[in-house]
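A.B. asks: Sequence and predicted structure are below.
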Amino acid sequence: MKHFTFVFALFITAFSYAQTKSISILDTVSCYNNAAQMQVVSTDLLNVGAITLHITYKPEELVFDSISNIPASLTGLLYNDVMHDVTGDPIGLVAVSWSSTNALNLGTDTVFTLNFLYQGIESEVALDTLSEIADVNANVVAYDLNNGMIRSESTPTILNEPTSEYSQEAGNNVAFVVVATETTAYQWQIMDGTNWNDLVDDGHYIGTTTNILQIQDIAASDDSTYYRCELSGCVSILSQVAKLEIVWGIEDANQLNNLLQTFPNPVSKELKIDTEKIKPGTYVLTIHNNAAQVAFSQVVNILSNEQTSIDVSSFPAGNYFLSLNSSSDKKQEFRTKFIVNR
């Protein structure tokens, strides 16, 4: 039992000495003329009585603003931004000092945050050799000092835009893809008839914050919906709009292109339907709202080179889905979408 205790004590001692004591400035990215925040973190900061840090930067690349996120245990921490000249080369210097008669045990944590205005050039922020840590007995303690870099984010560039997707039937899965460079974040959006709204992953939509949006088990309410992606970097850009269309009973999805047209679109009062390319006959004209509820239904006779009009002045604002179903041929079904504005 004594032998086990001795071995265990040796293990704990070895582990504690294996941890490297350090003060580090973490790398970050920013955009030209934007704020840049750099965390200063500690490893094994224990039994400390005094901290002196000299943090240098190039004033032509960075403008110092402040220090923030100072923990309560470092109450009384002072800092001052000064400029000094080394052989004709101006250097920015943030002098940081703190002391106490009570031992500080910060451990491994954020010491504070440096705030700069970034001028768009890759820049190093360094802890110089005058930085030192002392214990409560004023003995200088050896710590590794690790410098940090601020690098520039770039503007996203779209290489491949999302394209419209067609599905033969409800229940299938589809995907929209955008390929881009210099992109830090993606956000897919859907048009609700008036506004673009951010999508969230909910089982039906997957990958809403990636470059691939998957739509699972599509339903009738997904027909003729519009999507785009917001890509973020130094600035945000938008992809082109892509449409999801469910093609009912037609072998070639492209056959439906431009067969049924509505105008004006968006509309507020009278919706006109151009049926010039539709085979004459008797059809059921049905309009669904975005919740797949029937907003209008009527039997219409389509003649050659004819327009049909519908009063939509009482329709609430939003997306609507219009279909023409032949009463004699189930394959003769045509669909389009329109938007009501208020």
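C.D. replies: Alright, I've got the coordinates.

A.B. asks: What pLDDT does the model give the most centrally placed residue in the chain?
C.D. replies: By C-alpha atoms, centre = their mean, the chain has its centre lying nearest to residue 185, at 3.7 Å. Note on residue 185: pLDDT of 93.

A.B. asks: didn't it look like it was pressed against residue 229?
C.D. replies: No. Under the criterion of C-beta atoms under 8 Å, residue 185 makes no contact with residue 229, lying 10.3 Å away. Where you see a C-beta, it was placed from the backbone N, CA and C, and this is true even at glycine.

A.B. asks: for the stretch 201-342 of the chain, what spans make up the strands?
C.D. replies: Listed in chain order, the strands of the stretch 201-342 of the chain (DSSP state E, counting those that start in this stretch) span 205-206, 212-215, 225-232, 236-238, 242-246, 261-263, 270-274, 281-289, 294-302, 307-311, 318-326, 333-340.

A.B. asks: Of these, which is nearest residue 21?
C.D. replies: Closest approach to residue 21 among the strands of the stretch 201-342 of the chain (C-beta to C-beta): strand 225-232, 37.5 Å.

A.B. asks: And the average pLDDT for that closest one is what?
C.D. replies: Across strand 225-232, the average pLDDT comes to 94.

A.B. asks: what do you get for stretch 100-115?
C.D. replies: 93.

A.B. asks: Can you point out the buried residues in that stretch?
C.D. replies: By neighbour count on 16 or more other C-beta atoms under 10 Å, the buried set for stretch 100-115 is 104, 106, 111, 112, 113, 114, 115.

A.B. asks: Now do the end-to-end distance for it.
C.D. replies: 25 Å (C-alpha to C-alpha, to the nearest Å).

A.B. asks: starting at the chain centroid, how far to it?
C.D. replies: For stretch 100-115, the separation from the chain centroid amounts to 32 Å (computed by C-alpha atoms, centre = their mean, to the nearest Å).

A.B. asks: What lies in contact with that stretch?
C.D. replies: Under the contact criterion C-beta atoms under 8 Å, 6 or more residues apart in numbering, stretch 100-115 has outside partners 23, 25, 35-51, 55, 64-71, 73-74, 76-77, 94, 96, 125, 135-136.

A.B. asks: if we can go back for a sec, nearest to residue 173, out of the strands of the stretch 201-342 of the chain?
C.D. replies: Minimum separation from residue 173 across these (C-beta to C-beta) falls at strand 212-215, 6.5 Å.

A.B. asks: Partner strands of that closest one and their direction?
C.D. replies: Counting by DSSP bridges, the strands paired with strand 212-215 are strand 174-177 (antiparallel), strand 205-206 (antiparallel).

A.B. asks: and the buried residues of stretch 100-115 as JSON lines, adding secondary structure and distance to residue 143?
C.D. replies: Converted to JSON lines, those look like this (DSSP: H, G, I helix; E, B strand; the rest coil; distance: C-beta to C-beta, whole Å):
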{"residue": "104", "secondary structure": "strand", "distance to residue 143": "13"}
{"residue": "106", "secondary structure": "coil", "distance to residue 143": "12"}
{"residue": "111", "secondary structure": "strand", "distance to residue 143": "12"}
{"residue": "112", "secondary structure": "strand", "distance to residue 143": "16"}
{"residue": "113", "secondary structure": "strand", "distance to residue 143": "19"}
{"residue": "114", "secondary structure": "strand", "distance to residue 143": "18"}
{"residue": "115", "secondary structure": "strand", "distance to residue 143": "23"}
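
A.B. asks: Make TSV from the residues you listed and add distance to residue 173 to it.
C.D. replies: Listed next are the buried residues of stretch 100-115 as TSV, based on distance: C-beta to C-beta, whole Å:
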residue	distance to residue 173
104	56
106	51
111	49
112	49
113	44
114	47
115	46
